[in-house]
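In: one predicted model, sequence on top.
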Amino acid sequence: MSFDNDLALSTRSRIIQNRIYNELWSPLAITRFDKKDDMILDRLFHIDVAIRLGNGQVILGQEKALRYKFAKHNTFTMEHYQNRFTKEGGEFFNLGAQFYFHGYLNEDEDDLCKWVVIKVFDFVNFIQSCDSSIYQIKPTGTSRADFLSINYDNIPEDCVYARS
């Protein structure tokens, strides 16, 4: 898998996510943080997108669209430790977004076969207070990171803004 393929996939994912955002919120603007000056939001707070609502307010989000081959897992995943050996906190410890858009592309990679928009604050409170058997912390196979994994069906409805 080449970087160009990943970039094309990211571009297609954004088009699909924009369509869903338009259905959910009818935003005035959707801004992604690609410019070097704006990358501090992503680096420090894991914020990928700002959505300006019709009343002028802005909501900030994190986005992840995974390939179809992972859809069978039916899990929401988020980076836990960036380095599990040194305990350097990842997305889980530094997430400043208000919502987290997570989904799986369909086989043709032209739409999402399932997705969820999670209310971050409510989700963080749920994870803090729930039985740890509800979720898992798993190492990645390709880096020093690990990730939190929870089945879509185990995410309480009060933590979900919308889902497919």
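Out: On my side now, so go ahead.
In: Ala50 belongs to a helix?
Out: No - going by DSSP: H, G, I helix; E, B strand; the rest coil, the assignment for Ala50 is strand, not a helix.
In: nearest spatial neighbour of it, skipping sequence neighbours?
Out: Take Ala50 and drop its neighbours on the chain: the residue closest to it by CB to CB, 6 or more residues apart in numbering is Thr31, 4.5 Å away. Yep, even glycine has a C-beta here, placed from its N, CA and C like the rest.
In: count the neighbours of that neighbour for me.
Out: Using other CB atoms under 10 Å, Thr31 has 15 neighbouring residues.
In: then Lys87?
Out: Neighbours around Lys87, by other CB under 10 Å: 10.
In: residues in a beta bridge with the nearest residue to it once chain neighbours are set aside, which ones?
Out: In this structure, Lys87 finds its nearest non-sequential neighbour in Tyr81, 6.0 Å apart by CB to CB, 6+ apart. Beta-bridge partners recorded for Tyr81 (DSSP bridges): Gly89.
In: report the separation between Tyr81 and Asp48.
Out: From Tyr81 across to Asp48, the span is 20 Å (CB to CB, to the nearest Å).
In: contact partners for Asn106?
Out: Residues counted as contacts of Asn106 (CB atoms under 8 Å, 6 or more residues apart in numbering) are 68, 112-113.
In: thinking again about what came up before, would you agree the residue nearest to Ala50 falls within a helix?
Out: No - Thr31: not assigned to a helix; according to three-state DSSP it is strand.
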